[in-house]
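> Pasted the sequence and its predicted model underneath.
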Amino acid sequence: MGRSVDVDVIDGSRCSVGRRRGQDGVTLVEMLVAIAILAILSVSATVGLTTLLTTSSRADLQSRTDAVVNGFGEVLKQIDYVGCATPSQYQQAFTHYEAALAPKERLLQRSDATVDITGLNAGTRCGENVDAGVQVINIRATVGSRSRAAQIVKRDPNASPNGPTAVIDTPVPQTGAGDVLYTVALTAKGSSASLGILRLDWDCGASAYVDASHSRTYTTYSLDDPTVLCTYAASAAATTATASLTVTDYGLATANATRSITVPAWASPPTGPSAKFTFAQASSSPLGPTYNPSTATFDASTSMSPSGSDLTYRWDFGDASSGGLNTSTLLKPTHVYYSPGTYTVTLVVTDDIGLYASVSHSVTVANSGKVSPVVTFFATPDNGVVPQTVSFNTTGTMAKSVGAVLVPSSYQWNFGDGQVGSGAAPTHLYSAAGTYTVTLTVTDSLGNVAATSRSVTYGAVVLPPGFTLTDAAGELAHDGHFYFAWTNVARSPGDTVTYTIEVQVTAGCLAFGSKSREVAAGAAGSNQTYDFRVSWPASNVCLGSRYKYRVQTKRVSATDGTTVISWSAWSTPFTIGHT
């Protein structure tokens, strides 16, 4: 496809390599427009650029804007390198480049489209008229109400810049010698990079102290960024830690440096925390007297930290086999024991310098006779289109009472559409679109009952929303194009969806007759375009003739057969023009 565009999309603060979009992702229209424009510019041939940027009413403004910003970046890469350039020099060069092209070959073909250079970094020595050999150019394209900012890296082809150097300056203590936590400030002002610094990656070392307020690694972006703070836990004797720095320039060359840091011994041994907790047990009966698990409430408020630092908590309730959540980090957690037995509960408290203490107590849950089953199930698929055969499974459902078991007749289903069923793994056919609440009720061999519900949603197969003709044009020798666009319909996993498009002449060049094409659908919810092209001598596509079109949807399912939605109504007749 020719030269690639080195474009880095700005993320609001720092620039990251690669092109990003929002959560909705890159649309097919956007990708095709952007790729096509880059290919066109790379080979200096612009046939069809007008169609890409001006004729498709279905291509949204953001897609057009993305295409323009990529094209602008490619043009700037082709313009001759100017040492220590100003934004206006490249802006004027682009204006001259555009003016030399034929109107249909220009990047800016819409009256509401503009491109601007919003900033240019040519290195730190341009005040001495010394160009670094690389320039970082910030650009912005605007089309209508939409805009897109990006960053390109332009390199002097005749320059051979030196790589960066990495220097960690003398550490500056931020705490006194003898403190339990020893912190130093690190800077890299002795480092350099003729191409400019892209980033500085710091590592305080394997012995660094890490908690919610202290990190081991940092990334900064210039020599003037705030200092990096590295913290280490002192011990009875002085120790040595090693911090490292990697400097990366805009040419992606790197340099590394290390610095030894002496961590003084503590002045006096620190006193760790003490771990204590209390608990109370209660019973709950949500399903009647036959269901009686034990609910225990724990409280670690009596734990203490002599230093006054904040404590973190880690609980282990001792019943991993119960199927419940077995741990917590809360000060006052609550836990439900579903099965009788004696459980060892352990609390570990940790202060802000990593000192910790633990304590354990036993919790006894009496055998109250019966415990309700644990009930869970899954539907596959749980969304899609009708008709839809859904498979249910009950993985994770289990009897909890001692000696209780589950048998196939223990599972009773209400599928939410007036139908019921039984068994551990039934299937059910949903014929009408809608949202259904499916309920599974389980009874174990001792008569304990539990139930759970979940919703499933299935739509209907429909015609492609927004299906429309975006443009129609005839060419020499009676070739013709009918450009369509639409939004792809929903489907179930494993479905194949196609659309049949029919175009029919209504007046004028009747030799055309009626032509049909079958088009494979893209991802559900995505935008799709299609060029319904008719080439000579297949038929005549005459200028001034009138045509109409319609569409139908076909869904093929491996489990539920084929569904064909009847044809849409014929469109209003239209006249084909000339390209």
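Thanks, I have it. Everything quoted here is computed from the prediction, not taken from an experiment.
> did I read that right, Leu76 in a helix?
Yes: Leu76: assigned to a helix according to DSSP: H, G, I helix; E, B strand; the rest coil.
> quick one: it from Val489, how far?
Shown here: Leu76 relative to Val489, a distance of 41 Å by Cβ to Cβ, to the nearest Å. (Each C-beta comes from the backbone N, C-alpha and C, glycine too.)
> Lys515 too?
With Cβ to Cβ as the criterion, Lys515 and Val489 are 23 Å apart.
> more neighbours, those two?
Val489 (22 against 19; other Cβ atoms under 10 Å).
> Okay, now the unreliable bits of the stretch 101-250 of the chain?
Within the stretch 101-250 of the chain, the stretches with pLDDT under 70 are 124, 160-161.
> got it, and the stretch 351-500 of the chain?
In the stretch 351-500 of the chain, residues with pLDDT under 70: 366-370, 402-403, 476-477.
> End to end on stretch 73-84, go ahead and measure it.
Using Cα to Cα, to the nearest Å, the end-to-end distance of stretch 73-84 comes out at 19 Å.
> What residues sit buried inside it?
Gly73, Glu74, Val75, Leu76, Lys77, Tyr81, Val82, Gly83, Cys84 (16 or more other Cβ atoms under 10 Å).
> Check stretch 273-284 too.
So stretch 273-284, judged by 16+ other Cβ under 10 Å, has buried residues Pro273, Ala275, Lys276, Phe277, Phe279.
> Next, Val497: secondary structure please.
Val497 - assigned by three-state DSSP - is strand.
> so Pro157 makes contact with Tyr81?
Yes: between Pro157 and Tyr81 there is a contact at 6.8 Å, judged by Cβ atoms under 8 Å.
> tally of neighbours for Ala267?
Residues near Ala267, counting by other Cβ under 10 Å: 12.
> hang on, I meant Thr457
12.
> where's the closest residue to Pro173 other than its chain neighbours relative to Gly144, distance?
Distance criterion Cβ to Cβ, 6 or more residues apart in numbering; nearest residue to Pro173, sequence neighbours excluded, is Val184 at 5.5 Å. Using Cβ to Cβ, Val184 is found at 53 Å from Gly144.
> In strands, which of the buried residues of stretch 273-284 appear?
By the criterion of DSSP state E, membership of those in strands covers Phe279.
> The buried residues of stretch 273-284: which two are farthest apart?
Pro273 and Phe279 (19.2 Å; Cβ to Cβ).
> isn't Gln174 right up against Leu186?
No: counting by Cβ under 8 Å, Gln174 sits too far from Leu186 to count as a contact (10.4 Å).
> The two: who's more crowded?
Between Gln174 and Leu186, Leu186 has the larger neighbour count (other Cβ under 10 Å), namely 20 against 15.
> is it true that Ser145 touches Leu61?
Yes: counting by Cβ under 8 Å, Leu61 is a contact partner of Ser145 at 6.6 Å.
> Pick out whichever of the two has more residues nearby.
Taking other Cβ under 10 Å, Ser145 and Leu61 do not tie; Leu61 has more neighbours (16 against 9).
> beta partners of the residue lying closest to the more buried one once chain neighbours are set aside?
In this structure, Leu61 finds its nearest non-sequential neighbour in Arg146, 4.2 Å apart by Cβ to Cβ, 6+ apart. With DSSP bridges as the criterion, Arg146 is bridged to Val143.
> what's Arg146 in contact with, if anything?
Leu61, Gln62, Arg64, Thr65 (Cβ atoms under 8 Å, 6 or more residues apart in numbering).
> nearest residue to the third one other than its sequence neighbours?
In this case it means Arg64. Closest to Arg64 by Cβ to Cβ, 6+ apart is Val143, at 4.8 Å.
> In contact with the one you found, which residues?
Listed by Cβ under 8 Å, 6+ apart, the contact partners of Val143 are Leu61, Arg64, Thr65, Val68, Arg110, Asp112, Ala113.
> Which among the residues you listed count as buried?
Here, 16+ other Cβ under 10 Å leaves Leu61, Arg64, Thr65, Val68, Ala113 buried among these.
> what comes into contact with the helix or strand hosting Leu229?
Assessed by DSSP states H and E, Leu229 sits inside strand 228-233. With contacts defined as Cβ under 8 Å, 6+ apart, strand 228-233 is touched by 171, 174, 180-187, 202, 204-205, 207-209, 214, 218, 220, 239, 241, 243, 261, 263, 353-354.
> quick revisit: name the nearest of the contacts of Arg146 relative to Gly544.
Arg64 (30.0 Å).
> Could you measure from that closest one over to Arg148?
10 Å.
> ok, the nearest residue to Thr395 once chain neighbours are set aside - how many residues close by?
Sequence neighbours aside, Phe378 is the residue nearest to Thr395 in space, at 6.8 Å (criterion: Cβ to Cβ, 6+ apart). Other residues within reach of Phe378, judged by other Cβ under 10 Å, total 12.
> Thr397 is in contact with Phe378, correct?
No: if you go by Cβ under 8 Å, Phe378 and Thr397 don't touch, sitting 10.4 Å apart.
> ok, Phe94 to Pro103 distance?
For Phe94, the distance to Pro103 - Cβ to Cβ - is 16 Å.
> quick one: which of these two has more around it?
In terms of neighbours (other Cβ under 10 Å), Phe94 is the more surrounded of Phe94 and Pro103; the figures are 21 against 8.
> what helix or strand is that one on?
Residue-wise, Phe94 maps onto helix 87-99 under DSSP H and E.
> Looks to me like Gln281 is in a strand.
Yes: looking at Gln281 with three-state DSSP, it is inside a strand.
> list the contacts for it?
Here Gln281 is in contact with Ser294, Thr295, Ala296, Thr297, Val363, Val365 (criterion: Cβ under 8 Å, 6+ apart).
> can we see that at 7 Å?
Ser294, Ala296 (Cβ atoms under 7 Å, 6 or more residues apart in numbering).
> Verify the stated contact: the residue nearest to Thr395 with Asn393.
Yes: taking contacts as Cβ atoms under 7 Å, Phe378 lies within contact range of Asn393: 5.5 Å.
> Domain map for this structure?
7-155, 172-263, 278-365, 378-459, 468-578 (automatic domain parsing).
> got the buried residues for stretch 421-436?
Ala424, Pro426, His428, Tyr430, Tyr436.
> got the buried residues for stretch 189-203?
Buried residues in stretch 189-203 (16+ other Cβ under 10 Å): 191-203.
> Just the endpoints, please. Distance across it?
17 Å.
> Kindly report the same for stretch 552-568.
End-to-end for stretch 552-568, by Cα to Cα: 6 Å.
> excluding its backbone neighbours, what's nearest Ser222?
Ile197 (5.9 Å).
> That neighbour: what's it in contact with?
Counting by Cβ under 7 Å, 6+ apart, Ile197 has contacts Pro164, Ser222, Leu223, Val247, Asp249.
> follow-up on the earlier one: quick one: which of the buried residues of stretch 273-284 is nearest Thr342?
Of these, the one sitting nearest to Thr342 (Cβ to Cβ) turns out to be Phe279, at 13.6 Å.
> residues near the spatially closest residue to the closest one that is not a sequence neighbour, how many?
By the measure of Cβ to Cβ, 6+ apart, the closest residue to Phe279 outside its immediate chain neighbours is Phe298, 4.7 Å from it. Using other Cβ under 10 Å, Phe298 is surrounded by 22 other residues.
> Helix, strand, or coil at Phe298?
strand.
> State the distance from it to Phe277.
6 Å.
> hang on, the earlier thing: and Val184 and Gly144? Which one has more around it.
For Val184 versus Gly144, neighbours defined as other Cβ under 10 Å are more numerous around Val184 (23 against 14).
> beta partners for the more buried one?
Pro173, Cys230.
> Contacts only, for the residue nearest to Pro173.
Here Val184 is in contact with Pro171, Val172, Pro173, Gln174, Cys230, Ile261 (criterion: Cβ under 7 Å, 6+ apart).
> could you flag which of these are buried?
Buried among the contacts of Val184 (16+ other Cβ under 10 Å): Pro171, Cys230, Ile261.
> Quickly name whichever of these is closest to Ser535.
Of the buried ones among the contacts of Val184, the one sitting nearest to Ser535 (Cβ to Cβ) turns out to be Cys230, at 69.4 Å.
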